[in-house]
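Participant: how does the following fold in three dimensions:
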Amino acid sequence: MRNSKKIRHGIIVALTFVTVASASFANESFNDVSDQYWAHDTITWGVTQNILQGYEDHTFKPNQTVTEAEFLTMLINTFVGKQNPVGTGKWYSGYYAFAKKYNWSLKGIDDSTKTAEKLSRGRVAEIVSGAAGVNYSGDNAIRYMLANDLSQGRTDKPSVKGYAGAELLTRAEAIQFIKNAVDHGFNEVKPRPTTASDTTKLPEFPDDSASNSSNNSSSSHGWENKNVGDFTLKEVKKQTVTNTILSRAIGFMPIDKKSESFMHQVMDAIQVKDGIVTIDFPNNIPSGYSVYLVGENGSSAMVDVLAGETKTFKLKGTFGISMYVGAEAKQVNSISADGAVIWGAKHS
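Facilitator: This next block holds a predicted model:
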């Protein structure tokens, strides 16, 4: 592990970006952090080592949200060191250049407007697990965090639901994630693999068992039988279908492992809340492949999808995701408003 002085220096530099126009109150208590506050000890840990800053009104603002660029800066400064801007780029450009080199899942790599986007706890799981050298997304990234004590979630007992992946990251939580990593021997960052990691290596948690028990079987892919908000995704199996036309749409294409791995990640990234679909497409589209979305706001047009792009649209009936190499379709999936998934290619 790097010595504590280097880690402290990294966190100091990182928090400079998080606490804008603030003054240091290392020797004073914050009037918005009581002794009973859940992160009191974490904040105290930072204050006693002079690595945290408060605001001029003697507050810490522990519940203030954190942007993607701010958390990325904290992470890299802690375990790698300060990154200088690239050319005449903005202060965070060096950090995103580092993240791109390491294939981390950052929206701001391809869209600079996303750097200022408030970061969700689920996205933190994807970023931190990627920095640990694995490629998990959605609930699987959360399972990795829980299994490796990088988080306990927001409930007494660790669970995917209790982790609250859809909730936005706060300043107090950001420091806690960093402290968890330091405390549990996270002493270096690694490149994120270009293909999805094996989900069978992840342990189950209480809500996983509850989900699987309703089906009497477990799944090797995190998205299958996953509640995405308004409904649960469930793949329609060919042997259960009596409709001839529908049956022909299932598994009619040959196996294509390269695109299959990416498609599993996409399926795991689908969220639907109050009729609004949100898909955080991974940034590792296989070389030579194109990804398309059909059914955006009910449209039948095929819309290009960029690596790392987030698509948000109103669910109207069915939407589809496809992958092509030139004019040849490799994957064609459709998802209906009740969560039924039709997978056009043979797959594992």
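
Participant: going by C-alpha atoms from here, please, whenever you check contacts or count neighbours.
Facilitator: Noted.

Participant: got the residue ranges for the helices in the stretch 151-300 of the chain?
Facilitator: Secondary structure of the stretch 151-300 of the chain, counting by DSSP state H, counting those that start in this stretch: helices at 160-163, 171-183, 206-213, 244-248, 257-268.

Participant: name the residues that touch the first one?
Facilitator: The reference is to helix 160-163. 121, 139, 142-143, 151-155, 205, 207-208 (C-alpha atoms under 8 Å, 6 or more residues apart in numbering).

Participant: out of the residues you listed, which is most surrounded?
Facilitator: The most crowded member of these, judged by other C-alpha atoms under 10 Å, is I142 (29 neighbours).

Participant: and the pLDDT at G326?
Facilitator: Predicted confidence (pLDDT) for G326: 91.

Participant: also G153?
Facilitator: For G153, pLDDT reads 86.

Participant: where's it relative to D139, distance?
Facilitator: G153 sits 12 Å away from D139, going by C-alpha to C-alpha, to the nearest Å.

Participant: what residue ranges in the chain score low on pLDDT?
Facilitator: Applying pLDDT under 70 to the chain picks out residues 1-28, 46-47, 49-54, 207-222.

Participant: which SS state does A97 fall under?
Facilitator: For A97, the assignment made with DSSP: H, G, I helix; E, B strand; the rest coil gives helix.

Participant: can you add distance to I245 and give the contacts of helix 160-163 back as JSON lines?
Facilitator: As requested, these are arranged in JSON lines below (distance: C-alpha to C-alpha, whole Å):
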{"residue": "R121", "distance to I245": "42"}
{"residue": "D139", "distance to I245": "33"}
{"residue": "I142", "distance to I245": "38"}
{"residue": "R143", "distance to I245": "38"}
{"residue": "S151", "distance to I245": "47"}
{"residue": "Q152", "distance to I245": "47"}
{"residue": "G153", "distance to I245": "45"}
{"residue": "R154", "distance to I245": "46"}
{"residue": "T155", "distance to I245": "46"}
{"residue": "F205", "distance to I245": "39"}
{"residue": "D207", "distance to I245": "36"}
{"residue": "D208", "distance to I245": "34"}
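
Participant: and which of those residues is nearest to L106?
Facilitator: Of all the contacts of helix 160-163, R121 has the smallest distance to L106: 13.4 Å, by C-alpha to C-alpha.

Participant: what's near enough to touch that closest one?
Facilitator: Shown in contact with R121 (C-alpha under 8 Å, 6+ apart): 163-169.

Participant: ok, of these, which come out buried?
Facilitator: Buried members of the contacts of R121, scored by 16 or more other C-alpha atoms under 10 Å, are 163-165, 168-169.

Participant: could you dump those into TSV with distance to V303 added?
Facilitator: Converted to TSV, the buried ones among the contacts of R121 look like this (distance: C-alpha to C-alpha, whole Å):
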residue	distance to V303
Y163	33
A164	31
G165	28
L168	29
L169	31
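
Participant: closest one of these to Y324?
Facilitator: G165 (31.0 Å).

Participant: now the closest residue to the closest one other than its chain neighbours. Its backbone dihedrals?
Facilitator: Leaving aside its sequence neighbours, G165 sits nearest to G122 (C-alpha to C-alpha, 6 or more residues apart in numbering; 3.9 Å). Dihedral pair for G122: phi -60, psi -40, per degrees, to the nearest 10.

Participant: and what of D198?
Facilitator: Taking degrees, to the nearest 10 as the convention, D198 sits at phi -70, psi 120.

Participant: now it: how far from K330?
Facilitator: D198 is 22 Å from K330, by C-alpha to C-alpha.

Participant: give me the more crowded residue out of those two.
Facilitator: The residue with more neighbours, out of D198 and K330, is K330; 23 against 13, by other C-alpha under 10 Å.

Participant: first-to-last residue distance for stretch 150-166?
Facilitator: 17 Å.

Participant: err, stretch 114-124, not the other one
Facilitator: With C-alpha to C-alpha, one end of stretch 114-124 sits 14 Å from the other.

Participant: same question for stretch 141-157.
Facilitator: Note: stretch 141-157 ends 17 Å apart using C-alpha to C-alpha.

Participant: now it, how far from the centre of its chain.
Facilitator: Distance, stretch centre to chain centre, for stretch 141-157: 14 Å (C-alpha atoms, centre = their mean, to the nearest Å).

Participant: nearest residue to the middle of the protein?
Facilitator: R123 (2.8 Å; C-alpha atoms, centre = their mean).

Participant: Provide a list of residues in contact with it.
Facilitator: Residues counted as contacts of R123 (C-alpha under 8 Å, 6+ apart) are 138, 165.
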